[in-house]
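Visitor: Using only what follows, build the 3D model:
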Amino acid sequence: MTRLARTVLAAALLWPAMPLSAQRPAGRIADRAHPFGTLREQAARQQRWLETRMKTVLPALMRSQGIDMWIVPMREYAEDPVFSSLVSPTTFAARRRTIYVMFDRCSSSGRTDPGDGSCIERTALGGSSQGGVWQAMRSTLAVDAPVGGEQAELWGDEQWKLLKRVVDERNPKVIGIDYSRTFAFSDGLTHGEYLGMTEALGDRWTARLKPAEELPLQFIASRVADEEAFYGEVTQLVWELIGEMYSSKVIVPGKTKTSDLVWWWRQRVNDLGLGTWFQPSIEVQRASATEASLGDDPVIQRGDVLHCDVGITALGLNTDTQHMAYVLKPGEREAPAGLRAALANGNALQDIVMAEIRPGRTGNEILAAARSKMAARGISGTVYSHAIGMHGHGAGPLIGLWDYQQGVPGRGDAKVIGNMWYSIELQATSPVPEWNGQGVRMALEEDMMIGTDGTPRWVRGQQTKLWLVR
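Guide: Okay, here's the model as predicted:
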């Protein structure tokens, strides 16, 4: 980080801590020039989230995993997946080689934890303090060191010597490293960094290394109270934009193609100063038509059922939403009863899955219980839900995949934890009498959270009525 960047971060931290919602005018979020404040305001809020998570989430997770030192080394543009959860909003990449070292001084010494986060010593070797979240330490080669010859070292190896000194001085009992064959979020230690680290640490410390599979997984997944409040605003914006897209302002039956809606979403989100973590998609279902007959980019017609899969990225957090719409025919004021009943079946399946999600259960346990109740209700559908937050397909257990309805080995065996968010993603297919019994697929996705109080709840609610394009 440059001196200028450090100055900018310090200035951001002096910005008033008043909740942004109290500073903004009432009305639709989608109508604001800066829906969630200026970049400076956003950075200050993200910095507070980081500080809270470091003080309240990290100590408990390290102790629950029996790890008193967590070492996370990485190089620029080969960052560990946990990187974005460890750094300030003004840090975009590792600095050459950065080694993050977290050490539990209280656990190691047997001292009582005062609960203010001071027990965890956080050291960035080769990085910066990032607003005081880290204690920065750096080792550099002398400017007059010769190139080549016996005194030369592989670029960046001086950081390993500094790490060895840090570890020697602290004498950890168990050293966690990010290694996993199951979870990508827990497998951020590259082979080159592992070789450099173990060579520098030697046999004594290498013998104390332990794969910390659950530690990065759960740290990435854990959210704090103000993130919950913000996420409600983001989800409200998603609903507002879906309402715009599914309207006669955007859709002209007989003219508008599905690709037009895809790029409308991308442009609208971009114009708000936000992004998305995946290319949105729009699908059409039509009476007496097959997917093949509709083609890849059909023109939307009256009587069509529309499906969207859209997301927004804001302040480092992601949404994932799927909603259904109906394009009214002339003279219609409501969707046919059969389509409304099909949506109700989708809502019922959402309720079933929601009721099974609670801390301590694995994704595979939730899936099995939900599918059993789905069968008892006579609902024909598929469940493929996932965690969400810092990543769209986030850190946490999978609750099925579209082609793994009997459970997902490994990735479905992790447990749900408190403060975790989920996208309940699924589909229910129902025969529609008005379409001569043709099956109509209601693919729905809504974000939910297990709040800081331990209560599962929808962020915004469920789509219980079809959007109508008049």
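Visitor: show me where the stretch 301-450 of the chain has helices.
Guide: Taking DSSP state H, counting those that start in this stretch, the helices of the stretch 301-450 of the chain run over residues 337-356, 363-376.
Visitor: Which segments of this structure make up each domain?
Guide: Split into domains by automatic domain parsing, the chain comes to 3-219, 223-469.
Visitor: want to try JSON lines for these, with mean pLDDT and mean neighbour count as columns?
Guide: Glycine gets a C-beta too; all of them are placed from N, C-alpha and C. Output for these, formatted as JSON lines (pLDDT from 0 to 100; neighbours: other Cβ atoms under 10 Å):
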{"stretch": "domain 3-219", "mean pLDDT": "85", "mean neighbour count": "17"}
{"stretch": "domain 223-469", "mean pLDDT": "97", "mean neighbour count": "18"}
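Visitor: Quick check: the gap between the residue nearest to residue 46 when sequence neighbours are not counted and residue 49.
Guide: The shortest distance from residue 46 to any non-neighbouring residue, by Cβ to Cβ, 6 or more residues apart in numbering, is to residue 89 (4.1 Å). From residue 89 across to residue 49, the span is 9 Å (Cβ to Cβ, to the nearest Å).
Visitor: now do residue 317
Guide: Separation of residue 317 from residue 49 (Cβ to Cβ) stands at 9 Å.
Visitor: shared neighbours of the two, anything?
Guide: residue 227 (Cβ atoms under 8 Å, 6 or more residues apart in numbering).
Visitor: just checking, residue 330 touches residue 303?
Guide: No. Residue 330 is beyond contact range of residue 303, at 9.9 Å (criterion: Cβ atoms under 8 Å).
Visitor: Which parts of the stretch 151-300 of the chain are helices?
Guide: Under DSSP H, counting those that start in this stretch, the stretch 151-300 of the chain gives helices at 158-170, 191-206, 214-221, 225-245, 258-271, 291-294.
Visitor: So for residue 336, which of the ones you listed sits nearest?
Guide: Closest of the helices of the stretch 151-300 of the chain to residue 336 is helix 291-294, at 19.2 Å (criterion: Cβ to Cβ).
Visitor: Who does the nearest residue to residue 405 once chain neighbours are set aside form a beta bridge with?
Guide: Nearest residue to residue 405, sequence neighbours excluded (Cβ to Cβ, 6+ apart): residue 382, at 6.3 Å. With DSSP bridges as the criterion, residue 382 is bridged to residue 427.
Visitor: show me what contacts residue 382?
Guide: By Cβ under 8 Å, 6+ apart, the contact list for residue 382 reads 400, 402, 405, 426-427.
Visitor: if we take those, which one ends up nearest to residue 69?
Guide: Distance to residue 69 across these (Cβ to Cβ) is lowest for residue 400, with 36.3 Å.
Visitor: Give me the distance between that closest one and residue 277.
Guide: Plainly put, residue 400 is 21 Å away from residue 277 if you go by Cβ to Cβ.
Visitor: ok now stretch 275-290, how far from the chain's centre?
Guide: Remark: stretch 275-290 is offset 23 Å from the chain centroid, using Cα atoms, centre = their mean, to the nearest Å.
Visitor: What of stretch 191-204?
Guide: The answer for stretch 191-204 is 31 Å, by Cα atoms, centre = their mean.
Visitor: now do stretch 224-237
Guide: For stretch 224-237 - counting by Cα atoms, centre = their mean - the centre lies 13 Å from the chain centre.
Visitor: can you list contacts of it?
Guide: Outside stretch 224-237, the residues that touch it by Cβ under 8 Å, 6+ apart are 19, 21, 29-30, 35-36, 45, 48-49, 52-53, 56-57, 223, 272, 312, 314-315, 317, 319, 321, 419, 421, 447, 449, 451-452, 459-460.
Visitor: taking the residues you listed one by one, which sit in strands?
Guide: Under the assignment DSSP state E, the contacts of stretch 224-237 contribute 314, 317, 321, 421, 447, 449 to strands.
Visitor: Done for today, thanks.
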